[in-house]
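K.L.:
next one to model:
(chains A and B)
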Amino acid sequence: MSREQHQARLLRFLETIRRPDKRVEDIDPNENLVQAGLIDSLALLEIVTFLESEFAIDFAATGVDPGRLTTIPSILDLIEQHTT
Amino acid sequence: MFLAPSPGPLIEPLAGRRWQPEEIERQVRRRAASYRSRGLRRGDRVLLGFGNRLEFFADLLAIWQFGGCAVPLDARLTRFEIETLARTARPKAYIALGDVDSGLAATLRDLGAEVIDSAEAGRPGQTENGGASTLALEDDALILFTSGTTGNPKGVVHTHRTLRARWVALRQSLGLEKYRRTLCLLPTHFGHGLICNSLFPWLFGQELFILPPFTPEAVMHLGAILDEHRITFLSSVPSVWRLAVKLARPPRAGTLERVFVGSAPLSSHLWRQIQQWSGTRDVCNAYGITETGSWVAGTTVPDLEPEDGLIGVPWGAVVAVTVEGLADRPPGVGELCATGQSGFIWLNTPALMKGYLDRDDLTAQCVRAGWFLTGDLGFIDPRGYLYLRGRIRDEINKGGTKVYPADVEAVVEQFSGVADFCCFAVEDPHYGQNVGLALVMPDGNDDSIRKLYEWLRVHLAEHQMPVRWHLLQTLPRTSRGKVNRDRIAEVCRTSPVLDLRAILSRTS
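P.N.:
Numbers count the residues shown, from 1 in each chain, chains lettered A, B, ... in the order given. Next up is the predicted model:
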């Protein structure tokens, strides 16, 4: 699966957890998702659950670097690292 | 020791800041001198608009030194909520760390409160003679607002005597050895985080490490933080532990000696996970209520196996369970439950609050003859251990943070176009509970819902915002016309959830 396809799946997921009055397209691609107000801080856990179920990333084995969950590009990098 | 606490070192591990006791003493002196020079006197109330910083603790002691009463606020509150609390507390000062919204500052000044920058008050150069302490045991020391931020604030008033009664009881029941390097990652504006997790060990000379509250980034690094700072104790809430056991690598240094979990029900499953993750079996389900100075009972009993609802033994309190939950029938008047029989939990402790601020009516609803009616249901087993079985309060427990339906409803009520409404708890896989809202809006359409959403965003803090909205034709009520929250929650479980994202996208 290409990075574009990963991104499409990720964006579809973010659409389900974003704050109702914020839109994904309104934030800069490199912006911190929490600081931009798109999601609340505990939604990081939902992102982890999404990555585990959709991309079979086993965080229990690898641990989580929260810095890699903060922006869309960094999450895509994480997916690529675990799926290639 | 009872009258003169001796604070230990304070550390902000993420910022790399540390104040030794000598520096803390200096900071307190400077601040007390500064506040006195601004006319603050014994009995004055002071709002603290920030928390979880070294400066917060220095300000707290400085306020106590000149005989003032500290009112720590949740930093997440909206301007509207802070103004509501200020109108009730009638403070003489508002201490902030950093910029204050100009509109809020103007309102506070109109209410007679001077806005003071904590950093400015702690700067060297001015007189460092804080003056003699004017602290008296019966003086109000602390007011913690537990609800009513949008309408009718409920402020728990503790005196220096009731706080000291709690700390002394904890020292006698728990000792200090395991608390010598304590970590606080809870907010310092409520009882659990402030009175017990922070002040209890710190004021008895133990080291206190302070993190920003409820920060997932910090929780994900929790194992590393525990190791690096050789933490021996921390307390937290179940939602933080759900995050930690899943995302943080376990500590490796083996320094953790005791863990407390409180402010929300702890399942035996999560309890065991915490034991495994933390590397200590000494994981305690702590039961605390702000009105009793927080921690009042817990599982500090050797070799107890985790069980759903198991609390354990009281610390500096007497627990009784009555058949009826009537405030005018406390233990001794009302009938006590038999061993193992569930009923209404009462507590009797010298750490019981003085009362609710200017609300004798509310105090009378739960305090009688020294007993406090907790609003919790439970029983005492043949060993004398307390078990919790439920609550009769309306509060929504969102990951340990309490949200009161009445606070949300007070804001909804002011929005025209809403004919009827009810705020209630919904299940949430991460927080345990979250905020649901049922609405009857005869002319409800995208535009009115968007305006209501914007109205709530201005008046409610982030954690109070309803996340699940339902439009209903009518709300189920009891035969007496009262809102039946449980029934409404049940109806909403099978009714469509409004797609707020789509609605707000279409109209914005």
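K.L.:
so who does the closest residue to chain A within the stretch 1-150 of chain B touch?
P.N.:
Relative to chain A, the nearest point of the stretch 1-150 of chain B is residue B:76 (10.9 Å; Cβ to the nearest Cβ). In short, each C-beta sits where N, CA and C put it, glycine included. By Cβ atoms under 8 Å, 6 or more residues apart in numbering or on different chains, the contact set of residue B:76 is B:461, B:462, B:463.
K.L.:
run a quick neighbour tally on the second one.
P.N.:
The tally of other residues near residue B:462 (other Cβ atoms under 10 Å in any protein chain shown) stands at 13.
K.L.:
identify the residue nearest it in space, chain neighbours excluded?
P.N.:
Distance criterion Cβ to Cβ, 6 or more residues apart in numbering or on different chains; nearest residue to residue B:462, sequence neighbours excluded, is residue B:76 at 5.9 Å.
K.L.:
tell me the secondary structure for the one you found?
P.N.:
coil (DSSP: H, G, I helix; E, B strand; the rest coil).
K.L.:
give me the pLDDT for residue B:2.
P.N.:
pLDDT, the model's per-residue confidence, is 51 for residue B:2.
K.L.:
helix or strand for the most centrally placed residue in chain A, just tell me which one.
P.N.:
The C-alpha lying nearest the average C-alpha coordinate of chain A belongs to residue A:75 (Cα atoms, centre = their mean; 4.8 Å). Per DSSP states H and E, residue A:75 falls inside helix A:72-83.
K.L.:
packing partners for that helix?
P.N.:
helix A:3-17, helix A:43-55 (3 or more Cβ pairs under 8 Å, 6 or more residues apart in numbering or on different chains; DSSP states H and E).
K.L.:
now the angle from the shortest one to helix A:72-83?
P.N.:
For helix A:43-55 and helix A:72-83, the angle between their directions (axes from the mean of the first three to the mean of the last three Cα atoms, to 10 degrees) works out to 40 degrees.
K.L.:
from the helices and strands packed on helix A:72-83, which stretch is densest packed?
P.N.:
helix A:43-55 (a mean of 18; mean count of other Cβ atoms under 10 Å in any protein chain shown).
K.L.:
what angle sits between that helix and helix A:3-17?
P.N.:
130 degrees.
K.L.:
what mean pLDDT does helix A:43-55 have?
P.N.:
Average pLDDT, helix A:43-55: 88.
K.L.:
and stretch B:461-480, by the same measure?
P.N.:
The average pLDDT within stretch B:461-480 is 89.
K.L.:
the residue nearest to residue B:101 when sequence neighbours are not counted: neighbour count?
P.N.:
Spatial nearest neighbour of residue B:101, excluding adjacent residues (Cβ to Cβ, 6+ apart): residue B:79 at 5.7 Å. Residues near residue B:79, counting by other Cβ under 10 Å, number 15.
K.L.:
enumerate every residue touching residue B:79.
P.N.:
Residue B:79 neighbours (Cβ under 8 Å, 6+ apart): B:101, B:103, B:104, B:107.
K.L.:
what is the neighbour count of the residue nearest to the last one when sequence neighbours are not counted?
P.N.:
Think residue B:107. For residue B:107, ignoring the flanking residues on the chain, the nearest one in space by Cβ to Cβ, 6+ apart is residue B:83 at 5.2 Å. Residues within reach of residue B:83, counting by other Cβ under 10 Å, total 17.
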